[in-house]
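**Q** Sequence isn't available, so here's the structure alone:
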């Protein structure tokens, strides 16, 4: 595999153990461009961490992530979450 970004469809994880994020890399004239999870990214920095996938799988991931996945780039206000309590039904 080359170190230079190659056009195609991929996935990566933006954080360790995070969800798979779809990545599309393409050539725009002499410039290599990339979109990761719907946001522009540096193709050469993303590419070493990408795993190739089919265009169909990329399309599925884009549709899934746009409607069902939380934005992992937005801060989470934990004050809005319900407290976690043990399940006491059996006692």
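**A** Here it is on my side, so go on. Just so we're clear, the structure is a prediction, and the values are computed from it rather than from any experiment. Numbering: from 1, shown residues only.
**Q** Give me the local confidence score for the residue nearest the centre of the chain.
**A** With the centre of the chain defined as its mean C-alpha position, the nearest residue by CA atoms, centre = their mean is residue 21, 1.7 Å away. Per-residue pLDDT puts residue 21 at 93.
**Q** Tell me where the protein has helices.
**A** 43-46, 55-68 (DSSP state H).
**Q** Can I get the ones you listed in CSV including distance to residue 27?
**A** In this view, the C-beta of every residue, glycine as well, is placed from N, C-alpha and C. Formatted as CSV, those follow (distance: least, CB to CB, whole Å):
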stretch, distance to residue 27
helix 43-46, 9
helix 55-68, 16
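**Q** Which stretch among these is buried most, on average?
**A** helix 43-46 (a mean of 16; mean count of other CB atoms under 10 Å).
**Q** who's in contact with that one?
**A** Here helix 43-46 makes contact (CB atoms under 8 Å, 6 or more residues apart in numbering) with 3, 4, 5, 10, 12, 23, 25, 32, 33, 34, 36.
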